[in-house]
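Asks: Sequence plus predicted model, see below.
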Amino acid sequence: MREVVYGRVPPALKQALTTRAGERGLSQNATVCELLERGLAESAKEAAREELDAALAASVRELEKTRARLAVAEGRLVAAAEQEERTKGTLRALAERARHELGVCPACRKPVRGHDYLVSGRCPHCA
Ligand SMILES: [Zn+2]
């Protein structure tokens, strides 16, 4: 089954079609069908390529955003690690001082350490 398509083309295009048909030993009709099929296939590929390009561009934008968020997160991690080191230093100093004798218990007059006063909150001798 064959359908008919009418189309007007510039003389140069008609001449090129005639030349192509002659070179390939095909009829003008067969040449038009072949070239039209190829053109449509290429056009479909081009549309698919444009979709892929758009998806790639969206992925690149997402990657850039993710990299920016990662840079911010890494900066926060470094700041948190520095803060943790400062806190560790403070806690080490506090623990060291808590081991020292702080004074005497007002009840039993025996020595109490910083740990007794600050952590347990009671005299180890009176307990
Ligand atoms: Zn006591």
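Replies: Yep, it's here.
Asks: Quick one: neighbours of Glu50, just the number.
Replies: Neighbour count of Glu50, defined by other CB atoms under 10 Å: 10. In this view, the C-beta of every residue, glycine as well, is placed from N, C-alpha and C.
Asks: Need the per-residue pLDDT for it.
Replies: Glu50 is assigned a predicted lDDT (pLDDT) of 96.
Asks: sec struct for it, please.
Replies: What DSSP: H, G, I helix; E, B strand; the rest coil gives for Glu50 is helix.
Asks: How much space separates it from Ser43?
Replies: The spacing between Glu50 and Ser43, counted by CB to CB, to the nearest Å, is 11 Å.
Asks: do the same with Arg24
Replies: Taking CB to CB, one finds Arg24 at 22 Å from Ser43.
Asks: what's the answer for Leu13, then?
Replies: Leu13 is 17 Å from Ser43, by CB to CB.
Asks: what's the answer for Tyr117, then?
Replies: Counting by CB to CB, the separation of Tyr117 from Ser43 is 85 Å.
Asks: before we move on, what about Gly7?
Replies: Relative to Ser43, Gly7 is positioned 16 Å away (criterion: CB to CB).
Asks: More neighbours: which of the two?
Replies: More crowded of Gly7 and Ser43, by other CB under 10 Å: Ser43, with 10 against 7.
Asks: Check what pLDDT that one gets.
Replies: The model reports Ser43 with a pLDDT of 96.
Asks: Likewise for Val119?
Replies: Val119 carries a pLDDT value of 88.
Asks: how about it, what does it touch?
Replies: Neighbouring residues of Val119 by CB atoms under 8 Å, 6 or more residues apart in numbering: Ala98.
Asks: Look up how far the ion lies from it.
Replies: Between Val119 and the ion the computed distance is 16 Å (CB to the ion, to the nearest Å).
Asks: can you give me phi and psi for that residue?
Replies: Backbone torsions for Val119, taken as degrees, to the nearest 10, come to phi -100, psi -60.
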